[in-house]
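In: I'd like to go over a predicted model; first the sequence, then the structure.
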Amino acid sequence: MITSGQFTALSWQPEIEIVTFRLDNGLTLLVLPDHFFPVVSLQLHYRVGSRYEQPGITGISHLFEHLMFRGTEELGPEEFSRLLQAKGGEINAFTTKDHTSYFENLPSAHLELAVRLEADRLKNLKLDEENFQTERQVVISERKLRSVDSPFGLLEEQLYALAYLQHPYKWPVIGWDQDLRRMTLEDCRQYYRTHYHPGNLVVVVAGDTDPEKARDLLEKYFGDITPTGPPPEPQVTEPPQRGERRAVYKKVSQVEAFFAGFHVVGLGHPDIYPLTLLAAILSTGKSSRFYQDFVRPGKAAELEADLSSPPWTAQDPDLLVIRAVASPGSDLAALEAEVWTRVEELKRDGVKPAELSRAKKLMKSQTVQVLAKNFHRGLLAGLFHLKTGDGRLANLMLRNYEAVTLEDIQRVARIYLREDNRTVVILKPVSPEESQALGPLA
């Protein structure tokens, strides 16, 4: 059995070589050398996501992801991307609850150019009213597309807002519409000063480079940037849930659905491995329990259990979410009742050895595919380091999956999949007229 604070190694996986440096200004550098191909992945993981926001400025972390491409004192909007793409580079960024990450995958001969450009936009980002207004409107439109106009976006937002009473995971990464509209340029400048500095940054260089060369490049271009001090770390612990929470969300829809969330654990807790395997047993693939019991016989159009697997698991305790879409003409209440009956059976009887073996093979296959690419190896090491303080945990993933027992699966199901730990939001379809009478969606 895996116990809290213990990671057991029972199977072998190729070890990622990780060389760690720390510059005098607090910047952390992880170098993962691999000279098989002349390519390299440069990744900058800033410890700033929606977890670090406050009511009134929700969505500012994601907005900053956009602003970082708007140019500097020397470069115009999007010129950063054009310069690197001209060298054969792939450039992108993403924002999560816990971090904002920027990356360039490119020929190793152009690593210095990428490091120089990243340092330039950290030192000299052009934060003016024109760039702010342009990107804010882009994000407002993106929110409408991803949340308001999507079939279940607002339903999932309602779930998290209800499941979390105090923790900042209660608001979406993209932010609330009203906060995006009332945010100011000065809010962004203050956020930039607080969070965008070397002491709040983990840089990963994975691929065809020597550790000392990578360190010298980072020292050359980032070493003279003065940190502004550690940003405030959220000190909020979500209190234990003491009873099921339920809500009804009315929206124009062709289907009925329910979303249910169970509070679980964050990335640093060893229970994340049996929980990830439990989610796979329930709903990954056509031989999973939910597919065989509900989707195949037509009781549900969709039914899945979702929990982000390491290293994408949230830093603080996250939700395991069960999403159910009823088949046309079926009874959603009956579907929900049967889902909980099946969950209780699993808690009582456990799972079969073949089910656990299959789930382990799925996770092993995914992990091995990830380990084959510089970019993904860099993400593993960088995100583990950012969220747990130890990038070497990336080397224990396969072993920790393999260590999970049948008893572990039953144990975590009993601990976390409890009614008192459950939040449920029902999607109730309404007519366009009734939806309009309820007020605007936002």
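Out: Right, received. Where do you want to start? Numbers count the residues shown, from 1 in each chain.
In: Leu44 contacts Phe103, doesn't it?
Out: Yes: taking CB atoms under 8 Å as the definition, Leu44 is a contact partner of Phe103 at 7.4 Å. C-betas here are computed from N, CA, C, even on glycine.
In: Backbone dihedrals for Pro429, both of them.
Out: Per-residue torsions, Pro429: phi -70, psi 140 (degrees, to the nearest 10).
In: got a list of what it touches?
Out: Neighbouring residues of Pro429 by CB atoms under 8 Å, 6 or more residues apart in numbering: 250-256.
In: element containing Glu434, please.
Out: Assigned by DSSP states H and E, Glu434 belongs to helix 432-438.
In: tell me the average confidence for that helix?
Out: Regarding helix 432-438, the rounded mean pLDDT is 95.
In: Need the per-residue pLDDT for Ile2.
Out: Reported pLDDT for Ile2: 36.
In: Ends of stretch 86-103, what's the gap?
Out: Chord length of stretch 86-103, first to last residue, is 16 Å (CA to CA, to the nearest Å).
In: To clarify, my last question referred to stretch 293-301.
Out: First residue to last in stretch 293-301 (CA to CA) measures 12 Å.
In: Can you give the contact residues for that stretch?
Out: Applying CB under 8 Å, 6+ apart, the contact partners of stretch 293-301 are 255, 286, 290, 302-303, 324-328, 330, 335, 338-339, 342.
In: From those, pick the one nearest Gly207.
Out: Using CB to CB, Lys286 comes nearest to Gly207 of these, at 36.7 Å.
In: Tell me the confidence at that closest one?
Out: If you check Lys286, the pLDDT there is 96.
In: before we move on, what about Glu233?
Out: 84.
In: returning to what we had before: filter the contacts of stretch 293-301 to the buried ones?
Out: 255, 290, 302-303, 324-327, 335, 339 (16 or more other CB atoms under 10 Å).
In: Please flag which of these sit within helices.
Out: Among the buried ones among the contacts of stretch 293-301, the members falling in helices (DSSP state H) are 290, 335, 339.
In: now the residues you listed as TSV including distance to Asn124 and pLDDT?
Out: Formatted as TSV, those follow (distance: CB to CB, whole Å; pLDDT from 0 to 100):
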residue	distance to Asn124	pLDDT
Phe290	51	98
Leu335	55	98
Val339	54	98
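In: hey, where'd the strands end up in this protein?
Out: 19-22, 28-33, 39-46, 90-95, 100-107, 201-207, 245-251, 257-263, 300-306, 319-326, 422-429 (DSSP state E).
In: Which strands border the third one, and is each parallel or antiparallel?
Out: What that stands for is strand 39-46. Applying DSSP bridges, strand 39-46 is found paired with strand 100-107 (antiparallel), strand 201-207 (antiparallel).
In: Equivalent analysis for the second one, please.
Out: Strand 28-33 has the following sheet partners, assigned by DSSP bridges: strand 19-22 (antiparallel), strand 201-207 (parallel).
In: need those in CSV with mean pLDDT, mean neighbour count and distance to Gly391, can you?
Out: Formatted as CSV, the strands paired with strand 28-33 follow (pLDDT from 0 to 100; neighbours: other CB atoms under 10 Å; distance: least, CB to CB, whole Å):
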stretch, mean pLDDT, mean neighbour count, distance to Gly391
strand 19-22, 97, 14, 7
strand 201-207, 98, 27, 8
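In: roughly how far apart are Arg82 and Ile409?
Out: In this view, Arg82 and Ile409 are 50 Å apart by CB to CB, to the nearest Å.
In: now do Pro274
Out: 5 Å.
In: likewise His62?
Out: 35 Å.
In: Equivalent analysis for Thr284, please.
Out: Taken as CB to CB, the span from Thr284 to Ile409 is 14 Å.
In: next one: Gly26
Out: Counting by CB to CB, the gap from Gly26 to Ile409 is 41 Å.
In: likewise Leu277?
Out: 6 Å.
In: Among the contacts of Pro429, the buried ones, what's the PyMOL command?
Out: Paste this into PyMOL to select the buried members of the contacts of Pro429, with burial taken from 16+ other CB under 10 Å:
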select buried, resi 251+253+255+256
